[in-house]
Every structure is written in structure tokens, then in C-alpha cells.
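*Asks:* Here is a sequence together with a model predicted from it:
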There are 2 protein chains.
Amino acid sequence: MKKIVSIALLMVISLVNAQSVPSPSKNISLDFKLSSDGKPTYSVNYKNQSIVKESTLAILLKGLPALDANFRIDSIGHHKINETWQPVLGEQSNIKNNYNQMTVALSQPSTKRKINIIFRVFDEGVAFRYEFPKQEKLNYFIISDEKSQFNLTGNHKTFWIPGDYDSQEYAYNETNISEIDNSKLDLNNGIGVKSIASSFRVQSPLMMKSSDGIYINIFEAAVINYPLMHLDVDTKNFALSSNLVPNALGDKAYLQTPCVSPWRTIMVSEDARDIVGSKMILNLNEPCKIDDTSFIKPMKYVGVWWEMHVGKSTWDYAGSQNAQNAADGSLKPSGKHGATTENTKRYIDFAAKNGFDGVLVEGWNVGWEDWFGNWKEEVFDFTTPYPDYNLKEVNDYAKSKGIKMIMHHETSGSVANYERHLDRALNLMKEYGYPAAKSGYVGRIIPRGEFHDGQTMVNHFNFVARRFADYKLMVNSHESSRPTGYSRTYPNYIAAEAARGNEFNAWSVGNPPMHETILPFTRLLGGPMDYTPGIFEIKMSYYDKTKTEQVHTTLAKQLALYLTMYSPLQMAADLPENYERYPDAFQFIKDVAVDWQDSKYLEAEPGDYLTVARKEKNGERWFLGAITDENARKTELKLNFLTPNKKYKAIIYQDGKTADWKTNPINYEIKTIEVTSKSIIKLSLANGGGTAISFQPIN
Amino acid sequence: MKKIVSIALLMVISLVNAQSVPSPSKNISLDFKLSSDGKPTYSVNYKNQSIVKESTLAILLKGLPALDANFRIDSIGHHKINETWQPVLGEQSNIKNNYNQMTVALSQPSTKRKINIIFRVFDEGVAFRYEFPKQEKLNYFIISDEKSQFNLTGNHKTFWIPGDYDSQEYAYNETNISEIDNSKLDLNNGIGVKSIASSFRVQSPLMMKSSDGIYINIFEAAVINYPLMHLDVDTKNFALSSNLVPNALGDKAYLQTPCVSPWRTIMVSEDARDIVGSKMILNLNEPCKIDDTSFIKPMKYVGVWWEMHVGKSTWDYAGSQNAQNAADGSLKPSGKHGATTENTKRYIDFAAKNGFDGVLVEGWNVGWEDWFGNWKEEVFDFTTPYPDYNLKEVNDYAKSKGIKMIMHHETSGSVANYERHLDRALNLMKEYGYPAAKSGYVGRIIPRGEFHDGQTMVNHFNFVARRFADYKLMVNSHESSRPTGYSRTYPNYIAAEAARGNEFNAWSVGNPPMHETILPFTRLLGGPMDYTPGIFEIKMSYYDKTKTEQVHTTLAKQLALYLTMYSPLQMAADLPENYERYPDAFQFIKDVAVDWQDSKYLEAEPGDYLTVARKEKNGERWFLGAITDENARKTELKLNFLTPNKKYKAIIYQDGKTADWKTNPINYEIKTIEVTSKSIIKLSLANGGGTAISFQPIN
């Protein structure tokens, strides 16, 4: 009799110890299982094909037994969500959030501690997070490591950048998993601060493609009060595992129950468009916490900025492009300072004439003479202008022209100093009527020992977004850690750089032609990017015959980027005088919208090409952008996204017959045709080229 | 011929390589010498007796060759200063600054780097600092260590506390140098955060006495943008060497030329009064940098504070003395909250009735439910009161009574959070008319990995003083790093705790009777201390029969502390109801001044006794305080400090016949006699006792 009972019990446990959750479409299934030694494991299948093999989930605690094994299941709960929400700004007016959720409540009898693992299965992927409930045996705790495994099933093609704790401003490497190796990279790439601790560590989002054509993307969402996750790579077994960014003491996260980890996400589809168009990351973030969002507005802007990158002027008042040229603090004007009252008025005039919303001015404030590379704590005070920059005069002039000034806060990585001055800086913005600031984090972080991607910095970036919201201001951070959807919760965090932007083309090896075909599958999943497109004078030899640097696209592709690189904040980055020489092409930048009611990804292949059509938020115009990598491309597109029975004037900005990103990048053609939703158009993209189209309804 | 030349050259070098500087009185001489291998060395003599034997001076740099040897002397310059300056608040109206200075300019040919060592020789001691001039080969640099030696000449008696990077709230140990050993200490002493990394490391100021009666004190002055110095002890050779407090990365200081180290000071005298009365530390600091000092005013205050220490009420609104009792953040009032509007009004009434200037209120703001011991970053916002504390009502009421409220900013060590909120906190103070705040730093520091005594925190405390000055506010920091005279430069930094204060008597082993006889020779050299004297209900059994804790003095000694523990900010720390039961003794606290035109140290022996007489700043009254350690003491004092030919009513507050700190601490007598400058009075101090006298001129 005894024997039979124990078999029956075993069956119950084995039944309870494994559970499966399908996606709403049933294409994806997530399986959870407790191993024989009580380790939580999961696996992911897509259309009955294994995507993630059995992988363990574990949290290690500092000074306490690990939360990794000897668990038992207390309960398993399920629920479904199918809802639609409206972002303040976005690629579409309505975002669908549809998933099946399973919450596995675990307890560890030996420690009397409990954790929950929450799984959400969407049609385009799976997400899971750790939840630490309030409990007697766990109040304050320190995470010494998280060991979330992603055991992949093959030697997939990957688009990867090194797991650098301080920078993600890398060009992507396209290799199989087995070839990932940071030690083989050429690091002469223009990045100022690098912290690569392992040869076999990469960043997320990690975009992959299996040999049988399945697209897989591993990322995270809602990183709040937690460090970013990098991925350690076992290049032999194609196994990834989480690597959390440490602080100076090697600790990963300081937490107090109740709390949660970020979501770890695995997107999977046989159609790359499902991934590039996914809103899963935003869906996994909390809804907007700003009551009155009326101050959050899309912006197209120009700025005193690219002229410093190309060497026409300088950020600092007293020197040249060399930031260390006046370390004695003397302020003798060099005559090359970009941010003068006079020059700014020129940009304001240009912005007003061409219908832009704002003007950014970098290098306006004291500190640039000796700001970079020395881990200096007190560089900027964010309130003191140079003698040749009159805050009141500039802002009065801008107001008279209907233009908003965009503030600039370069922190040089000295975050402690920025936080110390932040209220003063924001009060100054309110005093003069600035609606937004661009912030910068070039340099090693202070507090010293922190990395850009650690918990402290994640908290800083999120804190800054909230503080700006307090003042009803928008912020666009550069050199910040990559976003993971916090802009849903604080949509005044209107954009970020947090990847290799267009600027690298001005003074480094630059961004290879495929760069912009990958970013939408990686960086942009976490939130809008201020890529600063719109460079018309592609080659730096235009400014200085000895220079060989160039933007690695055609001019037409620069126009297409306004569509393919989604952001509600878009810069027309080139100099006014350059735009004035190409007024016909410039017309597209003047016309293009930056906030959308709908977006249709028409074609997508990471590393190769991307085509997207978008409909402006408050109007009937559509815009289309198509880009390719270094290879020319021909394609036919059905325009069935257009409103049926409506005629449109399609103004097509395309590569010229002899266009080529390297040999003839400025060559372009503009033609206007009439189309309807039944039309099919043929596009021909040059090597490194692109096409931009505006569709204007004909009354 | 060749041989003769080289001998002559050698003589010149040997002449130049050694130089001596006398003190103005010639009692002290400082000798500098470059060793044969080019190491800078110095030695100190007092009345031809060796005090510091030849000791080397060195700075080690991170990633660069050490600045320790192979120097040559480029030049030696001398100058003298004899001047008098007036502190805003102080022990005397005029402070004499008289020294001989020698600047030794050194260069290191192998590195082409230069440093200067500056020596100042005062009548009561020697000071030296490192100066790093602006130079081509040294711009930004990191100090990995400073190796300043102090090779003493004997196994002196020392009054030492452990070299704890996070706390100096220790009772002093009185042993010979050879017996210094932190591993033998009983650390059950009430200190919350301890960071003792070596058994043979002590704090400065280190007060010593040689076997032949010479008093020696090693300290530092003007610690600005540099960590504090602790002292490593070679207990066999009686040799001390500097130990700088590191940051999380083990680095000591981040500097940029031109810059200087703090001053390292060696005071020496055969009369202990020369050391306790020395103004050398203040003299080594920069003059006042605040233009309009009219807002800096001395203050006597009471506060909602001691009642929490004795367990009558709580800081937190929702719980008891247990800070972790409501970690869920719920705010259910416990009924024991001290900082209520009603209770505060009672203190305001009491302050107004008895002529006090201010009322401090601790525990007024949200956060105390879960504030301590968990390295929590976001505890207080410094602006949100508890529901039972009405900021406006309290401040309006105080104003109507002519009382100033003193703000309280407990940071719980989360300095990053305090700096983030500082402008808001100070704006709130200005809004309600607070003239001053008490700040607190209980707990491990955030940014994590920093110590209370590191460069980051030194910079923080100094920054806070400057920020308060921007707002014309005063600050009194508790659990801060020990001051080194910055209050000369920013006299709005009116006081600090930064040593074991009276509060430890309420709930720990307390402060032994000799404690207050040492602090004036150590902690107080760096600036005023908010010791919070004036406890009348000495034994905690008064509040709870089961308690055995007590203040380790008689009541009369508590009165004398208002003189012996100099501060322009003095608390009457006990409860109003306790003072009301002893109105005759309380009269002394009501009468005593806190800012002085002159001070005369009449008797001094560290660890045994101290007697000081002080004349109020704007009046003719004198006050005298005499204290002893655990041993009763009889003494005769000449009153020749009084103005000649003037009669005074001397009200003497002395220990009663059976007074004893342990068995009968409250026993006191008050008598009034008439005296002149020719009078001699006899004092009789009980075990752990004291005498306080006010001298009021008779018209």
C-alpha cells in the first residue's frame, strides 16, 4: 500500500512541476519545469520547433544562500490580457497588448525564502521576470548575480556589439555565434571610454537569425532600479547567460522586497517584420505616470552642432577642437566658437523660415575648455553661459520667431555634479522657456567606479526623466545606457542616443552602410533614437581636402532615415548653408512628420534592408522610407496601406542613376507621380542608398 | 685640479641640501634635509630636544613613478607672517597668526616633475604641506598614497581612537604608543557603522605626552579636495605615518595641478594650555570667503531630540524606537511621535520664556519608519513633513514668539540623495525662515564604497557649507568627518559633531568621565563641536527603572561643559520639564554666552582636567568652566583675568558635598560671592565633577 501512495504522489508532483503557456496565436509556447533538484527551468518553442532549450533561472544573493535550486512550487497562476493603449507620441496611435501570463510561485524550504517567476507569452515572443514578494526572510538584499540562461539551438547568425559596460556606440558585427570574440575587434573606432571585461560578452538587444530562417531577438524591458543585462556567450554550446553590470564593489543590485527584476525577452518569428515592428518592450513597461502630458510634443530641430563635428567651429570658447587646450581656465576667445549669439540667431532664422520647431545649441556654457578625458568632477554648472552667448537675447529672438530653444547639458560623465546642479539647471530652462534639453554623458562616470550601465546610472537616467517631468520638460539623453521602454512610463524622455549615431561618420571610421538596417532590430526596440540624420554634404573632404571621413550612405538614404529610424524628435543635422544648396531634397525634411497614427513595416531583413510606411498623426499624409546596406537593391512595393479610393501625389526622393554611398553619394533624383492604394511602385536603391517618399492626398 | 672642483661642488650641495627654520620664539626648530638618494626629510626640535626624528615625505601616484626620491632642490624661499585677524564667531575677537615659512622647491630630473614642500613654524608647532605646481608633466593625477612620516622619539602616552574610516564616535584610549592595538578594543560601544581596516591605525588629532612632560599633537588643517589622514602606527619604533582614506577603487585623491595637500601639523609644548588654546589649525585655513557674514549668529537652542534618546518619544511617526518597524511604508501613528506641532509649540514656549534663540526638531519629516542600517538610497526628501507636523503653523508660532526654528536634515549616509534634494531643502528653509540646519550622516555612505572620511565626503561637507552660504544659512553637521578648520573660511559651518557626543550616554556604555577633558585637545582643534551638554537628569533610570545607562558626569560638570566645549552653537539638551525642576541650576545655561572676545585656559591636562575662563563678545561678563575626570580635584584659581578695579558678582555652580558622577550626580550647590581681579577662589570638583561660574560686573 505504501508503495502505491508514493507513486501517486510522484505523479501529482510531476504534473504540477511542468506547465506550458501558449501565445494567443498558439505559434509560441513557453514551458516551465522544476528540475529534479528543484531548479527553475524554461524552454521556448516556435511552431513546434525548439528555440530556447531547457534553461535554468537563478538569482545569487550577497551573503545569503543562492536562489537557484531546491525550490518547490507553491502555486501556478494564469491570466490573459488583451487591451489597447494610446502612447503620447509613437509609431502608431493605438498599441495592442495581448499576452497569456503564468506566475509560478516558488519557495525554498531550506531558507524559507520565496520568489515568483512571471512569464508572459505574446504572439511575437516570450518575457519573464523575477518577483521578490515581501516576506519575513527577505527584506533588504543585494544581488551578486543573476544567472538567466538562454540555451539556443544552433549556431545562429548574430548582429552583435561587445558587452561594454560604458558604451554601446559600436558598429555591429555580423557573425555566427561561434565567431563572437571581442578580442578580435579593431577598437580604433572613435569611442572615448571603453570597458570590455570579457572577450565573450555581448550586448542586448541581440538580433539573430537561425540557419532555417527564424529570427530571434534577446533583450530586456523595464530596467528600473536594476543594472542593464549583458550576455555571456558560450560559443561552443550556443548558450547565452545574463551578465549584470556591477558597481565599484562588484555588487549588482541593491533591492528591497517587494520588488521585481526587469523582463527578459525572447522575440521569435519567421518574419523579421514582426520583430522590428514589435511593441512588446513598450507593452512590458508601466503605463504613463505623467498626468498632464500636454507639454510633450514632437519636434523637428536644427542646431549648432554638426559644424563642430566637421571642424568648422568649436564647442569651447577659448580653443580649438582640442578640449585640453586651455586647462589654466583662461578664457581668451579663439574666434572659432560655434555657440555665439550671432550664429545662434542665424540658425533661428533658418529654423523659422523652414518650419522647424527648435534650435539646439551645444557649447553655450562655460566648461568646455577642459572637460574631457580626465575624470574631472566639477566641469559644468549648467547655468553659466560663455561671454559671447547671451541667454536672454537668444531666447527673446527665438520667441519672436516662434522657435523653441533646446538646452544642452553635457555632464562629461560627472553625474554627481549634474545631480547637484539639476534643479538649478531646470529652473534656468523654465526661466527662459526651454521646452527640452539634450543631455550628454561622455566620459567615465563619477561617482567613480560606476559604469554607464550599472544600477546607479539606470536610476540616474530614470530620475532625470522624472525630474524633467516635474518641470514639464522633455529630455533627450546621449551616451546614456540603452533604453528599455521607460519612455512609455515617462514619455517626456522623448529620445536617447545610446547607440552609434550619425556623428561617428564625421570623425571616425564611421558607421558602415548596414548600420542603420540593424538599429531598428536592436537599439530602437527600447525607445526612440536621436540618430541625427539628414547629412547632405556626405564627405568631410568638403570641409577639408585632407579628410577621408564620410557618411556611409547616399543623400537619399539620409532622407529615408527619417522614417526608418523612428523618433518623435528628429534633427536636420547638417548646416543651414548646406541645405540651402539642395532646396529640392531639403523639402522632404521640411515635409516629413515625426509623430504617427500608423506604421507599416513593408520589408525587413536585419543587416540588409528595411522599408517602412507611416501615416502622420493628425493628417492624411503618408511617408515611406526604404534603405539598403552596401548592396544596391531593387524592389516593388504595393501601396495598399494608402486609404482606398483616394489619390495621392507621391514625391519620390531616390538615388540617382550613378549614386553610390562611396563614389557618388550626393547623386539623387526627385520625381512626382500620382498613386492610389492599388498602385505598385518600383524602387531602385543604390549601394548604401535609400528612397524617401511623401504621399500627399490630392483633394 | 679636477678633484678640487668636485669637492667644492659637493660642499655647496650639502650646504643647500639642509636648511633650518626656527619658530618666532626660537623654541621650535624645523630642519629640512634631502637624503643622499634625494628623499625629502624633516625633523622637529623643541628647546633643543628632538620631537620628530628624521622623517621622510613622499607622494605616490597611480600609474606614474612615485614622488618619493631622486629629487634635487631647485630653490628654497623664506618668509615671515605676523598678523591678526578677526573670526566672525570664536573663542576670541582677535587671532594672532605668526609663523616663519620655508618653501622648498624640488624637482625630480628622471620624470621632469616638480613638487614644493612648504613648512610653517609657529610658536606652538610646525606645519607642512605638499604643493603641486602647474607643470607640463603633471596635470591630472591620482594620489595612490601619501607617505608622510612622523618618527617620534619615545613611547609616549597617547589618547587615541581607532583609525575608523567611517566614525570617530569613540571614547579615547589612554595608553603608551606600544600598546596601541585596535584588535583589543571592546567595540560594543553604540557606534552603528565601523570600518577599521588595521589594528595599528589611529585617528588624528593624536594627543600625546612624553615621559618628560612634553605635549605633542599630530593633526592636519585645511583638508579640502583630499581625504582625511589617519595614522599608521609602528608600535615598536614609535613611528607614525600618514594613511589616506581610500575610495571604492582604492584611490586616495583625484587632483589637478596647481593644487596643494592639506597641512600636516605637529604641535609641541611643555605647557598643555598652549595646545588646547592654539589657533594654529584655524590659521592654516583660508580667510573667510563669505562677503556678508551678518547672517552668521551664535545660537543657544533647545530641541525635540533628547526625549527620543531617552525613549520618551520617537523620531518616526508610525512606530517605536525601532526604525524597521514599518518597512511596508504604512503610516499609522503610534502616538509616541516626538515632532508634533503641539509638542514643538511647547518647546517654543519654553525657549521664548527662557531666552533661547532656537528650537531644533528632529523626526519632522517622512522617512524615519525605515531609514537605518540597510544602505537604502532614497529615504528622506527633506521637504515632506509627517501628517502631525504643520510646517507653517510651527514656524508662524515660533515667529510670534521671537524664536528661530532649526531645520533637521538626516541623510542616513545617502549623500547622493541629499545632494539631489539639497536646493529644494534649502529653498524650503528660506520659505519658512529657518536660519540653520542640523545635518546627520548615520549609516554607510552612498555612493556605495565611499567612506565618511574619503575625498568625496570631504568635498561633500565642504560643498554643503558653501551651498548653505549661498542661501545665507548655517549648518551643523553630525556624523560628518572631523573638521580641520574650514569654519574659518566658511564660518556659516557653525559647528559639527564628528566625535562621540553626549547622546551616547543615553543608550550605550557612554562617555567615560575623562572624555570631555580630551576632546578640547583633539576634536575641538578643528572647529566647534555640538556636544549637546546640559543634561540634568543624569541617570536613565529616571525614565525607566530597568535602565542602567547614565551620563558620566555630575550636573555641575554639565554646566561647566558650556565653557570647556567651545561652540558658538550650544544646545540645552535636556527636556524642558527637567529644567523646570532645577530652575536655579538652569539659570547658568540661560546666562552663559556662546560667543567670546577672549578666552583664558587656566589649567589643562589632557585626560585629567581643564579650566577655562571666557569673556562674552559684546559685554563685560566672564564665565568659567572647570572639569575633572573620574578623580575629584581641588584647585585654587587666580582671577587675574578679570578687569582690574572692577567688582564682580560671581555665581558659583559647584558639585555638592556628596556629589559623585556615579553615586550622586545631581547633587550641586550654588553660591554667590563678590570678587575682583585680585581674588583667589578655591574649587572643589567631585569625581567626574565640575564647576561653572558666571562673573557679572557690579555697577
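*Replies:* Great, that's in hand.
*Asks:* Can you get me the start-to-end distance on stretch A:18-35?
*Replies:* 9 Å (C-alpha to C-alpha, to the nearest Å).
*Asks:* So what touches it?
*Replies:* A:17, A:40-47, A:54, A:56, A:69, A:71-73, A:76, A:78, A:80, A:82, A:98-102, A:104, A:106, A:117, A:119, A:121-123, A:125-126, A:128, A:268 (C-beta atoms under 8 Å, 6 or more residues apart in numbering or on different chains). (Glycine included, C-beta is placed from N, CA and C.)
*Asks:* near chain B, which residues of chain A show up?
*Replies:* Within chain A, the residues that sit near chain B (C-beta under 8 Å from any C-beta of the partner chain) are A:134, A:139-140, A:247-249, A:251, A:254, A:256, A:324, A:327-328, A:374-377, A:416, A:419-420, A:422-424, A:447-450, A:456, A:459, A:463.
*Asks:* buried subset of these?
*Replies:* A:139, A:247-248, A:251, A:254, A:256, A:327, A:374-377, A:416, A:419-420, A:422-423, A:447-450, A:456, A:459, A:463 (16 or more other C-beta atoms under 10 Å in any protein chain shown).
*Asks:* Now do the SS call for residue A:425.
*Replies:* helix (DSSP: H, G, I helix; E, B strand; the rest coil).
*Asks:* whoops, I mixed them up, residue A:468
*Replies:* Under three-state DSSP, residue A:468 comes out as helix.
*Asks:* That one: neighbour count?
*Replies:* 23 (other C-beta atoms under 10 Å in any protein chain shown).
*Asks:* Can you flag which of the residues of chain A next to chain B belong to strands?
*Replies:* A:140, A:254, A:256 (DSSP state E).
*Asks:* Which residue is the nearest non-sequential neighbour of the last one?
*Replies:* This means residue A:256. Nearest residue to residue A:256, sequence neighbours excluded (C-beta to C-beta, 6 or more residues apart in numbering or on different chains): residue A:140, at 5.1 Å.
*Asks:* Reformat the ones in strands among the residues of chain A next to chain B as a markdown table; add pLDDT and distance to residue B:552.
*Replies:* As requested, those are exported to a markdown table (pLDDT from 0 to 100; distance: C-beta to C-beta, whole Å):
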| residue | pLDDT | distance to residue B:552 |
| --- | --- | --- |
| A:140 | 96 | 35 |
| A:254 | 98 | 39 |
| A:256 | 96 | 38 |
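*Asks:* hmm, back to that, please list the members of the contacts of stretch A:18-35 that lie in strands.
*Replies:* A:40-46, A:54, A:56, A:72-73, A:76, A:78, A:80, A:82, A:98-102, A:104, A:106, A:117, A:119, A:121-122, A:125-126, A:128, A:268.
*Asks:* Which of the residues you listed are buried? Put it as a ChimeraX command.
*Replies:* Command for ChimeraX that selects the buried part of those, burial taken from 16+ other C-beta under 10 Å:
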select /A:40,41,42,43,44,45,46,56,73,76,98,99,100,102,104,106,117,119,121,122,125,126,128,268
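*Asks:* got a pLDDT number for whichever residue of the stretch 351-500 of chain A sits closest to chain B?
*Replies:* Chain B sits closest to residue A:447 of the stretch 351-500 of chain A, with a gap of 3.6 Å, by C-beta to the nearest C-beta. Among the per-residue scores, residue A:447 holds a pLDDT of 97.
*Asks:* Might you report the residue contacts of the closest residue to it other than its chain neighbours?
*Replies:* Of all residues not flanking residue A:447 in the chain, residue B:447 sits nearest, at 3.6 Å (C-beta to C-beta, 6+ apart). Listed by C-beta under 8 Å, 6+ apart, the contact set of residue B:447 reads A:416, A:447, A:449-450, A:456, B:248, B:415-416, B:456.
*Asks:* Same question for residue A:604.
*Replies:* A:271-273, A:275-277, A:520-521, A:610-611.
*Asks:* Kindly report the same for residue A:639.
*Replies:* A:675-681, A:695.
*Asks:* try 10 Å
*Replies:* Residue A:639 is in contact with A:602, A:613, A:622, A:624, A:648, A:650, A:675-681, A:693, A:695, counting by C-beta atoms under 10 Å, 6 or more residues apart in numbering or on different chains.
*Asks:* In terms of pLDDT, where does the residue nearest to it when sequence neighbours are not counted sit?
*Replies:* Nearest in space to residue A:639, with sequence neighbours left out and distances taken as C-beta to C-beta, 6+ apart, is residue A:679 at 4.6 Å. For residue A:679, the pLDDT comes out at 98.
*Asks:* roughly how far apart are residue A:679 and chain B?
*Replies:* 56 Å (C-beta to the nearest C-beta, to the nearest Å).
*Asks:* cool, residue A:673 as well?
*Replies:* For residue A:673, the distance to chain B - C-beta to the nearest C-beta - is 57 Å.
*Asks:* For that residue, what are phi and psi?
*Replies:* phi -130, psi 170 (degrees, to the nearest 10).
*Asks:* isn't it right up against residue A:651?
*Replies:* Yes. Judged on C-beta atoms under 10 Å, residue A:673 makes contact with residue A:651 at a distance of 8.5 Å.
*Asks:* looking at chain A, which helix or strand does the model trust least?
*Replies:* Across the helices and strands of chain A, mean confidence by mean pLDDT, DSSP states H and E is lowest for helix A:2-16: a mean of 42.
*Asks:* Toward the C-terminus, what is the element adjacent to that helix?
*Replies:* Sequence order places strand A:18-22 as the next helix or strand after helix A:2-16, per DSSP states H and E.
*Asks:* In PDB, could you pull the C-alpha coordinates for the helix or strand just after that following strand?
*Replies:* As assigned by DSSP H and E, the chain's next helix or strand after strand A:18-22 is strand A:28-34. Extracted C-alpha coordinates of strand A:28-34, given in PDB (Å, rounded to 0.1, in the frame of the first residue of the first chain):
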ATOM      1  CA  ILE A  28       4.800  30.200 -29.500                       C
ATOM      2  CA  SER A  29       4.800  28.000 -26.400                       C
ATOM      3  CA  LEU A  30       6.700  28.500 -23.200                       C
ATOM      4  CA  ASP A  31       7.300  25.500 -20.900                       C
ATOM      5  CA  PHE A  32       8.300  25.800 -17.300                       C
ATOM      6  CA  LYS A  33       9.700  22.900 -15.300                       C
ATOM      7  CA  LEU A  34      11.200  22.400 -11.900                       C
END
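*Asks:* and strand A:28-34, how far from the chain's centre?
*Replies:* 29 Å (C-alpha atoms, centre = their mean, to the nearest Å).
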